[in-house]
Each structure stands twice: as structure tokens, then as C-alpha cells.
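**Student:** The sequence isn't on hand, but the structure is:
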């Protein structure tokens, strides 16, 4: 975020053209106290950067509608969604669009002239019920999502007579965005969110340029719209700017992030993972495995898995449950990792993270039933890790280039057939 802020400032300072800064959605990414804290700081960061508009994403209600609306009320940043409605009364959850006037004339608080840019947002339904994440017990009204294409067609028809440029923020993923573009005309630019695809250079579908900056804030999508004397778009250029260490951090944003991390660390130390319902699964720890599997243990000690927790310490994320669960062993299980003080033997990604609990291994060797439902008893537990255990952490957000058949070779134990 510090690099994002710095790069946007640099763009604004270097170019006399008007700059719009938008977000496609999923400001909230998880549940829990720590995510509430993080969301509050993100709003503060967006305020600082002067973001023009935020689209509603499907995960933005994971902390409840009440929390989301309260956070929105703390800022003047407009949040939009054209196709999200309350299920009981059919009213829109958020405004469908905004109109920005770029380089207008001003007098006595009035604006006129300038370039009129409409930005509307849509979100893809999660399933055939057209619903979004919803906790029935919360008492909140369920939100429903109408067809993005139908909504977009109606809005574009209305907006084309009122503005010069129409931009769509599509929280749909890349495949669904292409389908949306094929079914709508009159959009000058579609910015796509929800997914790890990075499409910096405009991709044309039905005369609509589509771009996608990926997720996790690793890239910033930069798009230049070129207009004629009548304010009509005649050309589009774009690229995905890597937010790497070639960009200096914005000092103010760096200070804000440090403040957030301090608060997350303090709260995180008080949070102990709840025991899973699978309390019968028992973990033994890598040292116990080493008694019979010394060669494999030595190989593991030389891998990145053996120092996985230290990487969080280095980034000051070692008390962040969202990160910790993939950098320790047995997080949330009965005798897996609970805290640095109580369960130091469960630090790092140990044998049982890939192969399953050691107690099950002993039962399997004895021919007794195993307790872990993810294990196929017909497979040779000793030899084969299960792919879904890897992709639980090496997912599209945290490791978009992960390829199980290839990457497993880096940690696979060499043993005779």
C-alpha cells in the first residue's frame, strides 16, 4: 500500500491530465477481529490517497452489512454497486454509479463543463441462488445479486446520453468479465476484479477494452484514455505496474501500516485458535517423526518449510492468524499450534502439515481406522502427500504460480521404490 500511494502521487505530479483512482472491490477479505482492524486502516489509507470510487465485492459482507455500512460512513469515498439489492424490499444496497466532472469550471459552489465520467459497478453472483455470503442468525436482510449484463445494459443506455465516458468496475473475474462485455455495448473501459489474473494491456471484447490488475495489491493497473475534441474515447493504453522495491514507500503510509501492525500484533497475541471439531486428530511434531524417519527429517530441515514461521517474524506478521495458519502445524486443532509459549513444538510447516497427523500414521501402521477424513486409507500415507493440503495455502492469492506436480519436487523425499 505504501508503494501504491507513492506511485499514484508520482503519476499525478508528472502528468497534467486528470487522474482517477478506483478499486474493484473485496476491501474485506476474511472474518474476525483482526480483519475488522485491518479494514478500518484500509479506509484511512484510501482517504489519504484520495481514492475516487470503490466497487462492492462479494467478500465485503463477510464481517456483516452493519460493519461495512459503519465503515463506509466514516469516509466520503463513494461505494457503489448497481446490481446488489436487499432481498426483502428490492431496494439497492448501494448507489449504482457516480459521475465525476474532470477539469470543470467552478463558481459559488457550482460546477459545469469539463469532462463527465460515469463509473458504475457490478458484482458476479456466487451461485445459482444469486446470493452473497450471509449469516442467517445475524438477523440482517439477505442481499441478492441481479444479472450483471442486464443491469449494465440498462445503465449504459441511460448514462450514454448524460456523460462523455462510461467506466465499468466488474467484480466478476476474468472469464465472466469477457462474457459480460460480449453482452453489453457502449462501455469505454471495463476494469476487472476478483482473481489473480494480471491483464495490464487492454484486451478488446466487443469494442470494450478490458484490464485486470490481479489481487493482493501486487500490481497497480494504469490505464490512459485518449479523447478527441468532443470528449469521446479514441484510444486506450495500459499496463500493470509491479509494486516492487523499485518504488520507494510513501512515508505517511509506511507510518500508518506500522501503526496497524502494532495493533494487529497486540490483539493477535490475545487470540487463541479454537479447537476444531476434529479433536481426535493428534499431532506429534517433527521430532517424533525423526525417530524413525531421520533422512526425511534432515531433508525437511533444509527446506523453507522448516523456517516458515521465521518469515512471518521478519515481516512482523507472526501474530496475524490469517498468515499464521499457513506457517505453523495443526493451527486450530486440539493439540496443534495454539501459541508460541504453549506449543513451540508446532512452529513451522512440519511433516504433519503435508502427510496428516502422526497419530493417524501410527494407527494406519497398525491397521486401525484413521481419524483424518482427508486421508484415503487406500493410499500409501508414508509416500504421498495430498494435493489439497498444499493448495490450502499455496492458493491463487498467496502463490499464484504454484504448480503441484512441479513444485512438489522441491520437498519430495527421495526414497527407493
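**Tutor:** Thanks, I have the structure now. These numbers were taken from a predicted model, which means no experiment stands behind them.

**Student:** what's near enough to touch the closest residue to residue 11 other than its chain neighbours?
**Tutor:** Excluding the flanking residues, the one nearest residue 11 by Cβ to Cβ, 6 or more residues apart in numbering is residue 19, at 5.9 Å. Using the backbone N, CA and C atoms, a C-beta is placed for each residue, glycine as well. Counting by Cβ atoms under 8 Å, 6 or more residues apart in numbering, residue 19 touches 8, 11, 12.

**Student:** again, but for residue 165
**Tutor:** Per Cβ under 8 Å, 6+ apart, neighbours of residue 165: 115, 116, 117, 118, 188, 189, 225, 227, 231, 233.

**Student:** Kindly recompute the last result at 6 Å.
**Tutor:** Counting by Cβ atoms under 6 Å, 6 or more residues apart in numbering, residue 165 touches 117, 188.

**Student:** do you know how far residue 196 is from residue 204?
**Tutor:** 22 Å (Cβ to Cβ, to the nearest Å).

**Student:** more neighbours, the two?
**Tutor:** More neighbours surround residue 196 than the other of residue 196 and residue 204, with 18 against 10 (other Cβ atoms under 10 Å).

**Student:** tell me the SS of the more buried one?
**Tutor:** Here residue 196 takes the coil state, with states given by DSSP: H, G, I helix; E, B strand; the rest coil.

**Student:** Could you give the backbone dihedrals for it?
**Tutor:** Note on residue 196: backbone dihedrals following degrees, to the nearest 10 are phi -90, psi 0.

**Student:** pLDDT at it, what is it?
**Tutor:** For residue 196, the model assigns a pLDDT of 80.

**Student:** hang on, it packs against residue 398?
**Tutor:** No: the criterion here is Cβ atoms under 6 Å, and residue 196 misses it with residue 398 at 9.7 Å.

**Student:** Neighbour-wise, give me the winner out of the contacts of residue 19.
**Tutor:** Going by other Cβ under 10 Å, residue 8 tops those with 18 neighbours.

**Student:** For it, which residues are in contact?
**Tutor:** Contacts of residue 8 (Cβ under 6 Å, 6+ apart): residue 21.

**Student:** where in the stretch 201-350 of the chain is pLDDT low?
**Tutor:** 268-281 (pLDDT under 70).

**Student:** Return the set of buried residues in stretch 324-343.
**Tutor:** For stretch 324-343, burial by neighbour count (16 or more other Cβ atoms under 10 Å) applies to 324-338, 340, 343.

**Student:** neighbouring contacts of the helix or strand harbouring residue 47?
**Tutor:** Using DSSP states H and E, residue 47 falls within helix 33-49. The contact list for helix 33-49 (Cβ under 6 Å, 6+ apart) reads 1, 5, 27, 28, 63, 71, 74, 75, 77, 260, 263, 264.

**Student:** Doesn't the last one belong to a helix?
**Tutor:** By that I understand residue 264. Yes: with three-state DSSP as the criterion, residue 264 is part of a helix.

**Student:** Make 828 the starting number, not 1.
**Tutor:** Will do, 828 is the new start, and the previous item becomes residue 1091.

**Student:** I'd assumed residue 1167 was in a helix, is it?
**Tutor:** No: inclusion of residue 1167 in a helix is not indicated when three-state DSSP is applied; the result is coil.

**Student:** which one is it nearest to, not counting chain neighbours?
**Tutor:** residue 1174 (7.4 Å).

**Student:** how close does the one you found get to residue 1137?
**Tutor:** 9 Å.

**Student:** ditto for residue 1231
**Tutor:** Taking Cβ to Cβ, one finds residue 1231 at 25 Å from residue 1137.

**Student:** got it, and residue 1221?
**Tutor:** In terms of Cβ to Cβ, residue 1221 sits 18 Å off from residue 1137.

**Student:** Who has more neighbours out of these two?
**Tutor:** residue 1221 (18 against 14).

**Student:** Now name the helix or strand holding the closest residue to the more buried one other than its chain neighbours.
**Tutor:** Spatial nearest neighbour of residue 1221, excluding adjacent residues (Cβ to Cβ, 6+ apart): residue 1229 at 3.9 Å. For residue 1229, there is no host helix or strand (DSSP H and E).

**Student:** Okay then, goodbye and thanks.
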